[in-house]
Structures are given as structure tokens and as C-alpha cells.
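Participant: just the structure for this:
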Amino acid sequence: MLNNTLKIYKNAFSGLSKESWYLSLVMLINRSGTMVVPFLTIYCTQQLKFSIVQAGTIMALFGAGSVLGAFIGGKITDKIGFYYLQIAALITGGIMFISLAFLETFSSLAIGTVILSMCNEGFRPANSSAVAHYSTEKNRTRSYSLNRIAVNLGWSFGGAMGGFFASIDYHLLFFVDGFTNILAALILIKLLPAVKKVKNEDKSIEKKITKSAYRDKPYLAFILLSTLFASCFFQLFTLQPVFYKTEWHLSEQFIGGLMALNGLLIVGFEMLLINKIDGKKPSLYFIGLGTIITGFSFAILDILPALALVAILSTIIISFGEMFAMPFMNTFWTSRSNDSNRGEYAALYTISWSVAQIIGPLYGSFLVEFGGYSLYWWSITGICVLTATGFFLLNYLTQKKVQIQH
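Facilitator: Predicted coordinates:
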């Protein structure tokens, strides 16, 4: 039994390049310090005494800076390549995380948050392009899953330690997050050689094969739906922790444990799931399914009683929703790009998540302020159902177009 289990795991992880493993190690170290963002709303409301709307605004500003960072990061990636941008983004992001510990007024924290998220989010298009560069079409979804496993393993450790540090002093979160960013940059330099942007000398050929992400209509529809999905998913890290703290009176340590559980479930099961279902149905089908599951995880918080066990159940459900949706989101956008425009496609996908960071906390905090958490949870569930319907419809239309072309 044990041998069979080990064989299943070995098969799921085999065939990936050593560079993909190195990238994942860098991501693991970087995300092991991810403590600030999931506790930022609690920090703002409990430590700095901001209102729920002010806290939501800070998170929205984080998203606004992310949009700028992703857009600029995508442009730089297509111009000079992904290698040096990753290093610069990690180092500057680390410095800004440490700086945020000293900003305690609403205006100063707002400005610092925008600058931090610009630096931090510039890393994502470059990193996504790097994963695509070091993978093949056959193992691309699993390569992205490996990267996500590193993110979530780091997230589980960071979330658990974040709850511990927050109970001692919230400022420790900023210092640890900053130092792990810088450490990740140093390890990236050590493990991976510099990769320069390969230029196509035949400009006429490059022009023919390169399309703009901003003119790809199915992709733009996908981006809109991804933004709606992400705006719901981000409630997990923005207002849901506040709900657990203020309404259900759960401790910071327990909330950190829920984040650790989310990460550990991804680490334990995502690669097995992807290895089992990849290629069985189109990417958009699995994304729609994951979105439905995510909506259900929020609905039960209003249906079931206020128990720690229900919070655990919600975390388990949303983790599986994430496993179905997110790896295939990466597969979908990479499938529509090529080496000449991958940075632009990656940037637009990253921007969709950044926009979600703006609108999610904003509409979420106003729903809580004016209608309470019951309205809030059902609104989030409704958005997930509508978004899933959109993914299924887009899947039908894209598959129909493929059939016509053949």
C-alpha cells in the first residue's frame, strides 16, 4: 500500500526540469515569509485602529499598486527577459516590507502599500514566464502546479508562523517577510544562471506570429472572469480572517492554522489531482468546476453554525476549488501566448488578480458595513456561481470554434 502510494507521487512529480525545481525552491523560501498580506486587515483594524472601510481601502491600494507593477513587469519581461526582473523585484519588495513596519498613519501606510505592491507584483509576470520557459507543453500544467505547491508550502509555514508572531508583535511579520524576499533573490542568483531575452532577428516573422493579448477576445473574456473569481477568492485572505476574529472570536493562532491547512492540502493533493485529470477535459471546464466549489465554501459560513470545525470545513472545500481552478488558469493563458508576447499575456493575467485585490476588499467591506456578513457571504457565493457559468460558456464557445476550424 505504502509502495503504491509512493509510486503514485513519484509519477506525478517525474519529468520536470531541474530549473523548474530550482524556481520552486526560490518560491518556497520567498513564500515562507508570507505573513503580512493575510494579517494586514487584522493589523489595520486591531493594531492601528482603522475602520473596516479604511482597512479595505488599504487592501484595495495594494491591488492598485499591483496593477501598475504587473503591467510594468510584463513590459520589462518582454524587453529584457525574466531573470533580472525577478531578482530586482524580490530585493526591492523585501526592502519595502521592512519599511512598512514603521508606517502607522493611514496616509503613510497607504502610500507605502502602493509602492510595496508595485515592487512585489512586478515579480509575477517574470516568474510565470520563467516557469513556461523551463517547461514543455506536456508538463507545463504540472510545472505550474509544482510552483504553486512551493507557494502553498511556504504559505502554510508562513501562515502558521504569522499567527504566532502576530500574537507577540505584528511588526515581526514585516521584518520576516522582508528578509525572506531578499534571501530568495540571493538563492535565485546562486542556483540559476542568467537568461537573456532571445531576439528574433527576422522581424517580419516575429510580427506574423505575435498577437497582442489586448486584442485576443476569448482571452479578454477569460481575464474578466478570472478577475471576478479572484475577487471572491481573495476574501480568504482579506475579510474572512476579520470575520473569524470579530464574529466567531477565533484566535490569530487558529486563523494562521487555517491558512497553514490550506497550504498543506495544496501540497499534499494538487499534483496528484492534476496528474490524474490533466488532458481529460479542457482547462476552462476545470476552472468553472473549481469556481463552483469555491462559492460553496463561502456559502456554508452562513448556513452552518459558528464553529471552529465549520471554519476548517470551509478551508478544505476552498482548497479543492483552488486545486481545480488555478493550475488550469495558468495552462490556459500560456496556451494562447508565445515566446514573443508571453510577458504581455502573463502581465494581463497578473493584472486581473491585482484588479481583484482592489475590487474584492472594497465591495466586500461595503457589503459588511451596510448589510452584515450574511449579505456578504451570499453575494460572494452568487458572484462565484455567475463566474462559473461564464467559464463554462467560454469553454463551449472556444471548443465549438476549434471544431469548426478542423
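
Participant: quick one: M326 and R148 touch, right?
Facilitator: Yes: counting by C-beta atoms under 8 Å, M326 touches R148, with 6.5 Å between them. (Each C-beta comes from the backbone N, C-alpha and C, glycine too.)

Participant: what's the separation between the closest residue to Q86 other than its chain neighbours and S17?
Facilitator: Spatial nearest neighbour of Q86, excluding adjacent residues (C-beta to C-beta, 6 or more residues apart in numbering): A126 at 4.7 Å. Taking C-beta to C-beta, to the nearest Å as the measure, A126 falls 18 Å from S17.

Participant: and the residue nearest to Q86, that's in a helix?
Facilitator: Yes: assessed by DSSP: H, G, I helix; E, B strand; the rest coil, A126 belongs to a helix.

Participant: got the buried residues for stretch 388-405?
Facilitator: Neighbour-count burial for stretch 388-405, counted by 16 or more other C-beta atoms under 10 Å, picks out 388, 390-392, 394-395, 398.

Participant: for stretch 352-363, same thing?
Facilitator: 352-363.

Participant: narrow these to those in helices?
Facilitator: Using DSSP state H, the subset of the buried residues of stretch 352-363 located in helices is 352-363.

Participant: neighbours around the nearest residue to I359 once chain neighbours are set aside, how many?
Facilitator: By the measure of C-beta to C-beta, 6+ apart, the closest residue to I359 outside its immediate chain neighbours is S231, 5.2 Å from it. As a burial measure, S231 scores 27 neighbours (other C-beta atoms under 10 Å).

Participant: so which strand or helix has S231?
Facilitator: Using DSSP states H and E, S231 falls within helix 217-233.

Participant: comparing A126 and S17, which residue is more hemmed in?
Facilitator: A126 (27 against 15).

Participant: report the contact partners of that one.
Facilitator: 73, 76-77, 82-83, 85-86, 89, 343, 346 (C-beta atoms under 8 Å, 6 or more residues apart in numbering).

Participant: give me the neighbour count for the residue nearest to S337 when sequence neighbours are not counted.
Facilitator: Using C-beta to C-beta, 6+ apart and skipping residues adjacent in sequence, the residue nearest S337 is Y345, 3.8 Å away. Other residues near Y345 number 28, with proximity taken as other C-beta under 10 Å.

Participant: state the distance from Y345 to E121.
Facilitator: 16 Å.

Participant: repeat that for T334.
Facilitator: From T334 over to E121 (counting by C-beta to C-beta), the distance is 19 Å.

Participant: who's more crowded, these two?
Facilitator: Neighbour count, other C-beta under 10 Å: between T334 and E121, E121 has more, with 28 against 24.

Participant: got phi/psi on the more buried one?
Facilitator: The phi/psi pair for E121 (degrees, to the nearest 10) reads phi -80, psi -20.

Participant: with L304 instead?
Facilitator: Dihedral angles for L304 - degrees, to the nearest 10 - are phi -90, psi 160.

Participant: let's see the pLDDT reported for it.
Facilitator: Note for L304: predicted pLDDT of 95.

Participant: contact partners for the closest residue to it other than its chain neighbours?
Facilitator: Once flanking residues are discounted, L304 sits nearest to V310: 4.5 Å by C-beta to C-beta, 6+ apart. Counting by C-beta under 8 Å, 6+ apart, V310 touches 300-301, 304.

Participant: can you get me a residue count around K79?
Facilitator: K79: 10 neighbours (other C-beta under 10 Å).

Participant: just the element for it, please.
Facilitator: helix 52-80.

Participant: next SSE after that helix?
Facilitator: Immediately after helix 52-80, counting by DSSP H and E, sits helix 83-100.

Participant: re earlier: next, the angle from the helix or strand where the residue nearest to S337 lies to helix 52-80.
Facilitator: Under the criterion of DSSP H and E, Y345 resides in helix 342-405. Per axes from the mean of the first three to the mean of the last three C-alpha atoms, to 10 degrees, the angle that helix 342-405 makes with helix 52-80 is 80 degrees.
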